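1. Show me how the following folds:
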Amino acid sequence: MRAVSVGLAKHFPDRRAVLVNSDGGSSDGTPAIVARTAVDFQHLFIGDQQSILHRIVTPYHGIPGKGSAFRTIFEIARRLKARACAVVDADLRSISPEWIELLLRPIMEEGYDYVAPYYLRHKYDGTITNSLAYPLTRALYGQRIRQPIGGEFGFSGALAAHYLDQHVWESEVARFGIDIWMTTEAIASGARVCQSFLGAKSIIRRILLPTCRPC
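-> Residues are numbered from 1 along each chain as shown. As a prediction, the model looks like this:
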């Protein structure tokens, strides 16, 4: 929340912005955190831009999954006639205000429709991406998108409307695979695609322990 707020205030001070939390019924108090988190811009030597950052906290409906959450964001973007959008995963630890600029400026100022992330990763990290997603994307579409399933993306309002018009929202795309679908759909539809280098990516690791059962 703070990184996104500072990024918008620092890099897009003259733009109206809306921050959307598309919540899937989380039990950790996420909606309340999003609603109440404040940023002291004066302490950061940034003019007070908090008044232009509106917030929408809403549950998503439909098939449970990340795709359904994105569909809600696409719909809000279309209704608000947004020019550019950026989405980031909720479990990020490495996000910085500069990520917001890197995901949005190519759309706002350079005419791109879709911005894929480019991360600095260890050679043994991202096995599925390196061994499957990237080679297949390059072979099938002729595009060198290194992180087609990265999780953080920028896209234009027009592309968001295009996503909504596709007949996939009652399929498994609404549950899994939204990241790779967004990338391949952008390429196949003729959208202008680029990549932004975001540096290293760190997420909150969750360890699932097996449930103990009596013998």
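2. Show me the strands in the protein, by range?
-> 17-23, 53-59, 84-87, 114-120, 153-156, 193-200 (DSSP state E).
3. weakest of the ones you listed by average pLDDT?
-> Lowest mean pLDDT within the strands of the chain: strand 53-59, a mean of 88.
4. picking that back up, tabulate the strands of the chain (CSV), appending distance to Ile73.
-> Heads up, the C-betas are built off the backbone N, CA and C, glycines and all. Formatted as CSV, the strands of the chain follow (distance: least, C-beta to C-beta, whole Å):
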stretch, distance to Ile73
strand 17-23, 5
strand 53-59, 9
strand 84-87, 6
strand 114-120, 15
strand 153-156, 10
strand 193-200, 19
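5. ranking those by burial, who's on top?
-> Mean neighbour count, computed with mean count of other C-beta atoms under 10 Å, is highest for strand 153-156 among these, reaching a mean of 26.
6. Return the distance of the helix or strand of the chain with the lowest mean pLDDT from the chain's centre.
-> Least confident helix or strand, the chain: helix 30-36 with a mean of 85, by mean pLDDT, DSSP states H and E. How far helix 30-36 lies from its chain's middle: 18 Å, per C-alpha atoms, centre = their mean, to the nearest Å.
7. Kindly report the same for stretch 138-157.
-> 12 Å.
8. measure that stretch end to end?
-> End-to-end distance for stretch 138-157: 26 Å, by C-alpha to C-alpha, to the nearest Å.
9. same question, stretch 170-185
-> One end of stretch 170-185 sits 17 Å from the other (C-alpha to C-alpha).
10. Check stretch 75-93 too.
-> Taking C-alpha to C-alpha, stretch 75-93 runs 27 Å from one end to the other.
11. Any buried residues in that stretch, and which?
-> Buried positions in stretch 75-93, judged by neighbour count with 16 or more other C-beta atoms under 10 Å: 75-78, 82, 84-88, 90, 92.
12. Right, I'll call it a day here.
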